[in-house]
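Asker: Pasting the sequence and the predicted model now:
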Protein chains: 2
Amino acid sequence: MKPANTAIKESPRANHLLAALPAEDFDRIAPHLEFVSLTLGQVLYESGDRMTHIYFPTTAIISLLYIMQNGNTAEIGIAGNNGLVGVALFMGGDTTSNRAVVQSAGRAVRMKPDDLRTEFKRGGLFQDLLLRYTQSLMTQISQTAVCNRLHTVEQQLCRWLLINHDQLPADQLVMTHDLVANMLGVRREGVTLAAGHLQEMGYIQYSRGTVNIIDRKGLEKACCECYQVVSDEYDRLLGQYIRKNLVRKSVP
Amino acid sequence: MKPANTAIKESPRANHLLAALPAEDFDRIAPHLEFVSLTLGQVLYESGDRMTHIYFPTTAIISLLYIMQNGNTAEIGIAGNNGLVGVALFMGGDTTSNRAVVQSAGRAVRMKPDDLRTEFKRGGLFQDLLLRYTQSLMTQISQTAVCNRLHTVEQQLCRWLLINHDQLPADQLVMTHDLVANMLGVRREGVTLAAGHLQEMGYIQYSRGTVNIIDRKGLEKACCECYQVVSDEYDRLLGQYIRKNLVRKSVP
DNA sequence: GTCCGTCTGTGTGGTCTCGCACATATGGAT
DNA sequence: ATCCATATGTGCGAGACCACACAGACGGAC
């Protein structure tokens, strides 16, 4: 169920985008990469902040959260070892109107804006990868919009669990109902209810802040189509670049 | 209320992104632009279709619609004379998982993918503009996600009316409740109710497929913050490039 | 003027989610 | 072992939206 090779997790190459670069490109970029450890709840940047780095998670998972004026929150995207955080740095805006917060503690490599932009301007494969990833992120956000409109809390919880499971080496997630509620933009009680049902069905097993994925297939069945759509689109956009031994769990 | 200069509507420069280009860049691109008339309901591309052109609307408005497997629909973004349709062509994916449909009949200029990519690869201001616009589109989609989760149909209807109003020369929109319902991903009756209330408040006046914006300020007050957030972010990202005489109605 | 398709108004009952209140359970700290 | 902060379970009334059904109103075609 988990990738056999754990040693690779200690390299920047544990990030799938960086892993997709040929040695020539990677070697040029590598000196500009800095390893950092990220703790649960850590904020990488606030809405409107000028970003200080672009992050390529290796084992951490980062949430992109929107915070309403009244304090309500809703997640619009997630990036783990299959992505990056900080598209605004190469898209040109330097900031975005959301917060990036560490969802699951772990490590990432990061890069300074100037180094990033220099490399981006070269216009080669690195640029292609970043732009393609950005498009896949747009798909993810779009699908979140649709999902928010049309699907139940339980379906969305399934989707959220699957997305996070994809980026983790194990079948255990660290998350309280309250935390997930903030991500999904719903009440804590709603999550308790949905999670209770999923546990009853035998798909997950949870207690006090940890959730174990017992039956992934079950979750996939209980989920709306949104998970698969985003997953497929990521594969279509980036699958050709991503090394085979690093493809996600969900691939058959 | 409407721009004084209507002659400019007949030029590709009626599109704000094209208008932002210095003569030197524009003259190089102009020979590759083709004027087209778009009719209400026309589909520019289907989900998964390889796009045949990138479109820069001059007077038309295009909706980006997601269609669920069960036929439900929800709009994820809109592009009028302040934007473009077909970001996937320069982002690298060539297709997206949504449908682009003409929301308001009018004209646009379009460009072939190869010509577009050639110009994009030059890496100058044109590339900057396209990437910045893409980031603003991401903001729009993000905000749609949040709005779908947290706001009422009436608030969303206000937002939708304001966005469309911004791109139109007059204060009249052609739209049935049913059409808007498909855009917002809600029931037709829900739109009737919300529209009835807005009419009662004296903000709009409608009958059989046309809506007149009577009191824009009123709509802005009845709206959620989402409209302003997206509007401000567009200005931040692109305002510096857009010619002053073409800025949107909402600017004070 | 008449007809007919389309657009809009309204009602009923059901489901989902909300906000709030409070009870219970768990695991770490002492 | 005990305590306590945190996490989870549950109940209740309200509101928003749903699906479905059907009535009325308008406007273009003839």
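Answerer: Structure received. Numbering: from 1, shown residues only, chains lettered A, B, ... in the order given.

Asker: Would you verify that A:Leu157 is located in a strand?
Answerer: No: secondary structure of A:Leu157 (DSSP: H, G, I helix; E, B strand; the rest coil): helix, not part of a strand.

Asker: How about the contacts made by it?
Answerer: A:180, A:184, A:191, A:194-195, A:198 (C-beta atoms under 8 Å, 6 or more residues apart in numbering or on different chains). From N, CA and C alone the C-beta is placed, and that goes for glycine too.

Asker: Would you mind measuring from it to DNA strand D?
Answerer: Separation of A:Leu157 from DNA strand D (C-beta to the nearest atom of the strand, to the nearest Å): 12 Å.

Asker: quick one, helices of the stretch 151-252 of chain A?
Answerer: When secondary structure is read from DSSP state H, counting those that start in this stretch, the stretch 151-252 of chain A shows helices at A:153-166, A:177-184, A:188-200, A:216-222, A:226-238.

Asker: pLDDT of the helix ranked longest in chain A, averaged?
Answerer: Ranked by number of residues, the top helix in chain A under DSSP state H is helix A:125-150. What helix A:125-150 shows for mean pLDDT is 97.

Asker: can you tell if it touches DNA strand D?
Answerer: No: residues of helix A:125-150 are not located near DNA strand D by C-beta under 7 Å from any atom of the strand, the shortest gap being 7.6 Å.

Asker: and that helix, how far from the chain's centre?
Answerer: Relative to the mean C-alpha coordinate of its chain, helix A:125-150 is positioned 11 Å out (C-alpha atoms, centre = their mean, to the nearest Å).

Asker: Now do it against helix B:177-184, angle only.
Answerer: 130 degrees (axes from the mean of the first three to the mean of the last three C-alpha atoms, to 10 degrees).

Asker: List the buried residues in helix A:125-150.
Answerer: A:126-127, A:129-150 (16 or more other C-beta atoms under 10 Å in any protein chain shown).

Asker: now do stretch A:160-180
Answerer: Within stretch A:160-180, the residues that qualify as buried are A:160-168, A:171, A:173, A:175, A:177, A:179-180, counting by 16+ other C-beta under 10 Å.

Asker: returning to what we had before: tell me which two in the contacts of A:Leu157 are the farthest apart.
Answerer: A:Leu184 and A:Leu198 (13.7 Å; C-beta to C-beta).

Asker: Could you export stretch A:171-183 as PDB, CA atoms only?
Answerer: This file holds the C-alpha atoms of stretch A:171-183, laid out as PDB (Å, rounded to 0.1, in the frame of the first residue of the first chain):
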ATOM      1  CA  ASP A 171      -2.800   4.900   6.100                       C
ATOM      2  CA  GLN A 172      -3.100   7.100   9.200                       C
ATOM      3  CA  LEU A 173      -4.100  10.800   9.100                       C
ATOM      4  CA  VAL A 174      -3.700  13.200  12.000                       C
ATOM      5  CA  MET A 175      -6.900  15.300  12.000                       C
ATOM      6  CA  THR A 176      -9.700  16.200  14.400                       C
ATOM      7  CA  HIS A 177     -13.300  16.700  13.300                       C
ATOM      8  CA  ASP A 178     -13.000  20.300  14.100                       C
ATOM      9  CA  LEU A 179     -10.000  20.800  11.800                       C
ATOM     10  CA  VAL A 180     -11.700  19.000   8.900                       C
ATOM     11  CA  ALA A 181     -14.800  21.100   9.500                       C
ATOM     12  CA  ASN A 182     -12.700  24.200   9.000                       C
ATOM     13  CA  MET A 183     -11.300  22.800   5.800                       C
END
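
Asker: residues in contact with it?
Answerer: Contacts of stretch A:171-183 from elsewhere in the structure, counted by C-beta under 8 Å, 6+ apart, are A:1-2, A:40, A:63, A:65, A:73-75, A:103-105, A:157, A:160-161, A:164-165, A:187-188, A:190-192, A:195, A:208-214.

Asker: Up against chain B, what does the stretch 101-250 of chain A have?
Answerer: A:121, A:123, A:128, A:131-132, A:134-139, A:141-146, A:148-150, A:184-186, A:225, A:229, A:233, A:236-237 (C-beta under 8 Å from any C-beta of the partner chain).

Asker: Could you tell me which ones among those also sit near DNA strand C?
Answerer: Restricting these to those near DNA strand C by C-beta under 7 Å from any atom of the strand leaves A:185-186.

Asker: just to revisit the earlier point, in CSV, list the contacts of A:Leu157 along with pLDDT.
Answerer: Shown next, in CSV, are the contacts of A:Leu157 (pLDDT from 0 to 100):
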residue, pLDDT
A:Val180, 96
A:Leu184, 96
A:Val191, 97
A:Ala194, 96
A:Ala195, 96
A:Leu198, 95
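
Asker: How about A:Gly80: what's its closest non-neighbour residue?
Answerer: A:Gln167 (2.8 Å; C-beta to C-beta, 6 or more residues apart in numbering or on different chains).

Asker: and if you look at A:Leu33?
Answerer: A:Val109 (4.4 Å).

Asker: Am I right that the one you found sits in a strand?
Answerer: Yes: A:Val109 forms part of a strand when assessed by three-state DSSP.

Asker: roughly how far apart are it and DNA strand C?
Answerer: 31 Å.

Asker: rewinding a little: wait, the residue nearest to A:Gly80 touches A:Ile62, no?
Answerer: No: the criterion here is C-beta atoms under 8 Å, and A:Gln167 misses it with A:Ile62 at 9.7 Å.

Asker: any shared contact partners between the two?
Answerer: A:78, A:80.

Asker: can you pull up the bridge partners for A:Val106?
Answerer: If you look again at residue A:106, you'll see it is Gly, not Val. A:Leu38 (DSSP bridges).

Asker: Touching, it and A:Val36? I think so.
Answerer: No: using C-beta under 8 Å, A:Gly106 makes no contact with A:Val36, being 10.1 Å away.

Asker: Who has more neighbours out of those two?
Answerer: Between A:Gly106 and A:Val36, counted using other C-beta atoms under 10 Å in any protein chain shown, the more crowded position is A:Gly106 (23 against 14).

Asker: And that one, what's its pLDDT?
Answerer: According to the prediction, A:Gly106 has pLDDT 94.

Asker: A:Val43 and A:Arg99 touch, don't they?
Answerer: Yes: A:Val43 lies in contact with A:Arg99 (C-beta under 8 Å); the separation is 6.2 Å.

Asker: For those two, indicate the residue with more neighbours.
Answerer: Neighbours were counted for A:Val43 and for A:Arg99 using other C-beta under 10 Å; A:Arg99 has more, 18 against 11.

Asker: how close does the nearest residue to the more buried one once chain neighbours are set aside get to A:Val101?
Answerer: Counting by C-beta to C-beta, 6+ apart, A:Arg99 lies nearest to A:Leu65, which is 4.7 Å off, once chain neighbours are set aside. Distance, A:Leu65 to A:Val101, by C-beta to C-beta, to the nearest Å: 6 Å.

Asker: again with A:Glu189
Answerer: 23 Å.

Asker: what's the closest non-adjacent residue to the residue in the stretch 1-150 of chain A that DNA strand C sits nearest to?
Answerer: Nearest residue of the stretch 1-150 of chain A to DNA strand C, counting by C-beta to the nearest atom of the strand: A:Asn72, 7.3 Å away. Spatial nearest neighbour of A:Asn72, excluding adjacent residues (C-beta to C-beta, 6+ apart): B:Leu150 at 5.6 Å.

Asker: which ones are touching the one you found?
Answerer: Contact analysis of B:Leu150 by C-beta under 8 Å, 6+ apart lists A:68, A:72, A:74, A:185, B:224.
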